[in-house]
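just coords:
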């Protein structure tokens, strides 16, 4: 489970404050293709593979190799890195994905048209933590769907002070 120390608090507060800021600045969406959006096993088949946990160049290369594939399909294509063992719906807004030595918790924080394209976006945190040790991180993404396309990342919010490599 994730550490509850100062760095974790900073990461989670950054995601929460950024979400509130985006919601306050956003204009109303003209189109809502994410109505009743929920993260579950079927969503993972429609979600871009860029949301997979990546810890090294090997994982990044696997995602790049499968560019355009879904989260679920890339997980099946590269089971050594990503193999999904369980998808657990914790509550209406939170889903936990258990993989090979890693857990990913995806949590819906809010909705807004963050990129101004007229389509409703959903703001989601991705919390990653390992089975062993205390390492973990939190990232914030705005996900979007444009008619006829897979759910993709509209915007990624880098955390100030976090490692980028």
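Nice, I can see it. Computed from a prediction, not measured in an experiment: that's the story for all the values here.

for the longest helix seen in the chain, packing partners?
Longest among the helix segments of the chain by residue count, using DSSP state H, is helix 6-25. Secondary-structure packing of helix 6-25 (3 or more CB pairs under 8 Å, 6 or more residues apart in numbering; DSSP states H and E): strand 102-112, strand 121-130, strand 136-144, strand 152-157. Any C-beta I mention is one placed from the backbone N, CA and C, and that applies to glycine too.

what's in contact with it?
For helix 6-25, the external contacting residues (CB atoms under 8 Å, 6 or more residues apart in numbering) are 2, 109-112, 114, 123, 125, 136-140, 142, 157, 159-162.

10 Å instead?
Residues outside helix 6-25 that contact it (CB atoms under 10 Å, 6 or more residues apart in numbering): 2-4, 107-116, 121, 123-127, 129, 134, 136-142, 155, 157-162.

Tell me which helix or strand in the protein has the weakest average pLDDT.
Sorting the helices and strands of the chain by mean pLDDT, DSSP states H and E puts helix 79-82 at the bottom, at a mean of 70.

returning to that earlier point: minimum distance to residue 76: which of the helices and strands packed on helix 6-25 has it?
In terms of CB to CB, the element of the helices and strands packed on helix 6-25 nearest to residue 76 is strand 102-112, at 15.9 Å.

The closest one - contacts with which helices or strands?
helix 6-25, helix 79-82, strand 86-91, strand 94-98, strand 121-130, strand 136-144 (3 or more CB pairs under 10 Å, 6 or more residues apart in numbering; DSSP states H and E).

can you give me the angle that strand makes with strand 121-130?
160 degrees (axes from the mean of the first three to the mean of the last three CA atoms, to 10 degrees).

What residues sit buried inside strand 102-112?
102-112 (16 or more other CB atoms under 10 Å).

re the thing from before, quick check: what element follows the longest helix of the chain along the chain?
Per DSSP states H and E, the first helix or strand lying C-terminal to helix 6-25 is helix 41-44.

ok now do the spatially most central residue of the chain, which residues does it touch?
In the chain, the residue lying closest to the centroid (CA atoms, centre = their mean) is residue 126, at 4.2 Å. Residues near residue 126 by CB under 10 Å, 6+ apart: 15, 51-53, 97, 104-107, 137-141, 156.

what distance separates the start and the end of stretch 21-34?
For stretch 21-34, the first-to-last residue distance is 20 Å (CA to CA, to the nearest Å).
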